[in-house]
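In: No sequence on hand, only this structure:
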């Protein structure tokens, strides 16, 4: 899964946080950046959003620095700000021109330099930790902008920033206000599409091309289709006419972009980062400084662990069947009501289990809805859209994707998850996975913890909860439930090994597909999607990498604080871990274990 459009470090799409048109200067004690003018036609925020829950104590040196940093960061990264709930930026898109991309990189470099230059004596221990947190976030964002050069190589860099779902599905204001925001957005799409067209270097790898055309072409259909239908209740005829004109122009621009990237035949390769850049990726984005050979061995060991567990579970659940056929048996138990309705029915059960077994605190009363994913965003089987910390009391939406209609009937049928496979996804996305993670992070004492929830933290936590819930007694050890949990674990193991193989060892997409099919027993549709995703999302090893670091930290922390009964310490561990928001996990380990340095421990 992916978390849709939430924070700059969770998905590569969300990392499309780049510069804007530069006209007026802004200066603070260490940052010098050019900021754009205030946008025209900005809808007024709703009363629920007007109050600022993110107040920073600017009387301290760190607080003043952080406040100034965010004042410069949000205008340069308006898509990020909007998804956090800063609706004064509604309708705006980043500036992806050469000057805009340079500004985005320069602002981050200047912020790192200024943070490092702060007087250590004036910083508390918490301030020093937060400075390290921010520097790691910005180093990771710079990796994607410059070293990986994704603005010029990878359509995924742009897709999240272009996603208008916040105006459609998040009820932060009345329909007319959100419609006006969408119109402003649509009017900005043609310029953005032209910048993307100028940036992306053709030919694209085949997997990039398919993804880019599905996304850009999907947007083109969406603007005048589902987006138009979403505002049908608005009775202002002039506004509807303005919408139609803006949507038509945006549709034309996106379709032209989709056609453009397909105007040159795609290549079979060209997607790999290379071993050096891949190692830099895990070090700079997740503070994991581990030799590549050791990192691969960790993944291979976890694959073996889960294959052995599957063998044991299948001996009970499907005696006499191969592991592949055992997985097929689990997958054949399809939800009679369909996956969307089945997931809706699963969520209350999962929440009740968490409460009854005292697994983790559930703060707040927010709810997660379940819907079918929109056509432009079906590259993954499921994902969740969660309101940011500037929003108040809004629901999240857990999206489930239908099969690709271009697949044959058997592949489409196999793609629909079995009940217990889907249960693992519902754990991952909602209870107690991503949704609960963000209930905590949105209430973190750290402003950075609210805003910057990293990829390995978010996906590692969500993946960790799948196995943790089974170990805590979900369905009382039912072997079908265990097979479903292991199906998800093996999927992530093959992501881990495919990421390394595809980007550092010359693995082909076909070889990655075979790995998913033969070693992780995935259906053909998922294997096709996941092998392709590994080319444009090289960081998807973070699911297993994050999970393993969290599980090791839990075992070490509970052994230290609850030596007589480590299981009794799970809730305390989960609550403290989630309180940090979402920094690189080695930083959390350093704080929780009171260690001298931040390091990755598996």
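Out: That came in fine, so what should we check first? Please read all numbers here as calculations on a predicted model, not as lab measurements.
In: What segments of the stretch 1-150 of the chain are strands?
Out: Applying DSSP state E, counting those that start in this stretch to the stretch 1-150 of the chain gives strands spanning 2-3, 24-27, 32-35.
In: By mean pLDDT, show me the worst of those.
Out: Mean pLDDT values for the strands of the stretch 1-150 of the chain show the minimum at strand 24-27, a mean of 25.
In: what helix or strand is the spatially closest residue to residue 300 that is not a sequence neighbour on?
Out: In space, and not counting its chain neighbours, residue 300 is closest to residue 497: 6.9 Å by CB to CB, 6 or more residues apart in numbering. Using the backbone N, CA and C atoms, a C-beta is placed for each residue, glycine as well. Secondary-structure assignment from DSSP states H and E places residue 497 in helix 479-504.
In: Against which helices or strands is that helix packed?
Out: Helices and strands touching helix 479-504, by 3 or more CB pairs under 8 Å, 6 or more residues apart in numbering; DSSP states H and E, are helix 275-286, helix 292-317, helix 323-332, helix 419-429, helix 455-471, helix 509-518, helix 524-536, helix 542-561.
In: The ones you listed: which one's closest to residue 240?
Out: Nearest of the helices and strands packed on helix 479-504 to residue 240, taken as CB to CB: helix 419-429 at 34.6 Å.
In: Quick check: mean pLDDT of the helix holding residue 497?
Out: 97.
In: for stretch 514-521, same thing?
Out: For stretch 514-521, mean pLDDT rounds to 97.
In: Ok, stretch 279-292 next?
Out: Stretch 279-292 carries an average pLDDT of 98.
In: Quick one: distance of that stretch to the chain centre.
Out: Once both centres are worked out by CA atoms, centre = their mean, to the nearest Å, stretch 279-292 turns out to sit 18 Å from its chain's centre.
In: which other residues reach it?
Out: Applying CB atoms under 8 Å, 6 or more residues apart in numbering, the contact partners of stretch 279-292 are 9, 136, 139-140, 142-144, 147-148, 273, 275, 278, 295, 298, 454-456, 500, 504, 538-539, 541-542, 545-546, 549, 584-587, 598-600.
In: buried subset of these?
Out: The neighbour-count test (16 or more other CB atoms under 10 Å) marks 9, 136, 139-140, 142-144, 148, 273, 278, 295, 298, 454-456, 500, 504, 538-539, 541-542, 545-546, 549, 584-587, 598, 600 as buried among the contacts of stretch 279-292.
In: could the helices and strands packed on helix 479-504 be laid out in CSV, adding distance to residue 397?
Out: Below are the helices and strands packed on helix 479-504 laid out as CSV (distance: least, CB to CB, whole Å):
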stretch, distance to residue 397
helix 275-286, 27
helix 292-317, 30
helix 323-332, 25
helix 419-429, 10
helix 455-471, 16
helix 509-518, 28
helix 524-536, 21
helix 542-561, 21
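In: Out of those helices, flag the one nearest residue 222.
Out: Shortest distance between residue 222 and the helices and strands packed on helix 479-504, using CB to CB, is found for helix 524-536: 20.0 Å.
In: pLDDT on the closest one, on average?
Out: Mean predicted lDDT for helix 524-536 stands at 95.
In: Now do it against helix 419-429: the angle between them, please.
Out: With axes from the mean of the first three to the mean of the last three CA atoms, to 10 degrees defining the directions, helix 524-536 sits at 30 degrees from helix 419-429.
In: which strands and helices sit next to helix 524-536?
Out: Counting contacts by 3+ CB pairs under 8 Å, 6+ apart, helix 524-536 packs against helix 206-224, helix 409-415, helix 479-504, helix 509-518.
In: Return the most buried member of the ones you listed.
Out: Neighbour counts (mean count of other CB atoms under 10 Å) averaged over each of these peak at helix 479-504, with a mean of 25.
In: circling back: do you know which of the helices and strands packed on helix 524-536 lies nearest residue 330?
Out: Counting by CB to CB, residue 330 lies closest to helix 479-504 out of those; the figure is 4.4 Å.
In: Give me the angle between that closest one and helix 455-471.
Out: Inter-element angle recorded for helix 479-504 and helix 455-471: 160 degrees (by the same axes, to 10 degrees).
In: Could you tell me the phi and psi values at the residue in the chain sticking out farthest from the centre?
Out: Relative to the centre of the chain, the most outlying C-alpha is that of residue 320, 39.3 Å out, by CA atoms, centre = their mean. Backbone torsions for residue 320, taken as degrees, to the nearest 10, come to phi 90, psi -10.
In: who's in contact with it?
Out: Residue 320 neighbours (CB under 8 Å, 6+ apart): none.
In: ok, it to residue 407 distance?
Out: Between residue 320 and residue 407 the distance is 30 Å, computed by CB to CB, to the nearest Å.
In: With residue 468 instead?
Out: Where residue 407 is concerned, residue 468 sits at a distance of 33 Å (CB to CB).
In: Looking at these two, which has the bigger crowd around it?
Out: residue 468 (22 against 15; other CB atoms under 10 Å).
In: which residues does the more buried one contact?
Out: By CB under 8 Å, 6+ apart, the contact list for residue 468 reads 359, 570.
In: show me where pLDDT drops low in the protein?
Out: Applying pLDDT under 70 to the chain flags the ranges 1-53, 376, 379.
In: Which parts of it belong to which domain?
Out: With automatic domain parsing as the criterion, the domains of the chain are listed as 2-261, 279-592.
In: Let me have these in TSV, extended by distance to residue 268.
Out: Shown next, in TSV, are the domains of the chain (distance: least, CB to CB, whole Å):
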stretch	distance to residue 268
domain 2-261	6
domain 279-592	8
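In: so which of these gets nearest residue 269?
Out: Among the domains of the chain, domain 2-261 comes nearest to residue 269, with 6.5 Å by CB to CB.
In: Please compute how far that closest one lies from its chain's middle.
Out: 15 Å.
In: Kindly report the same for stretch 322-340.
Out: Computed by CA atoms, centre = their mean, the chain-centroid distance of stretch 322-340 equals 27 Å.
In: So what touches that stretch?
Out: For stretch 322-340, contacts defined as CB under 8 Å, 6+ apart pick out 307, 310-311, 313-314, 317-318, 321, 341-342, 345, 370-372, 400, 414, 416-422, 480, 483-484, 487, 521, 523.
In: and it, how far apart are its ends?
Out: End-to-end span of stretch 322-340 (CA to CA, to the nearest Å): 30 Å.
In: ditto for stretch 139-154
Out: Taking CA to CA, stretch 139-154 runs 19 Å from one end to the other.
In: Repeat that for stretch 404-414.
Out: Stretch 404-414 has its terminal residues 11 Å apart, counting by CA to CA.
In: likewise stretch 425-436?
Out: Stretch 425-436 has an end-to-end distance of 14 Å (CA to CA).
In: neighbouring contacts of it?
Out: Applying CB under 8 Å, 6+ apart, the contact partners of stretch 425-436 are 1, 3, 343, 346-347, 350-351, 353-354, 359-360, 362, 368, 381-384, 386, 396, 398, 400, 417, 458, 461-463, 465-466, 469, 474, 488, 574, 578.
In: What about those, which are in helices?
Out: Judged by DSSP state H, helices contain the following of the contacts of stretch 425-436: 343, 346-347, 350-351, 353-354, 458, 461-463, 465-466, 469, 488, 574, 578.
In: Any of those buried? List them.
Out: Burial by neighbour count, judged by 16+ other CB under 10 Å, picks out 343, 346-347, 350-351, 353-354, 458, 461-463, 465-466, 469, 488, 574, 578 from the ones in helices among the contacts of stretch 425-436.
In: State the distance from residue 173 to residue 384.
Out: Distance, residue 173 to residue 384, using CB to CB: 21 Å.
In: try residue 244
Out: Distance from residue 244 to residue 384, counting by CB to CB: 31 Å.
In: Which one's more surrounded, those two?
Out: More crowded of residue 244 and residue 384, by other CB under 10 Å: residue 384, with 24 against 15.
In: picking up where we left off before, hang on, the residue nearest to residue 300 packs against residue 302?
Out: No - with contact defined as CB atoms under 8 Å, residue 497 does not count as touching residue 302 (9.4 Å).
In: Sweet, I'm off.
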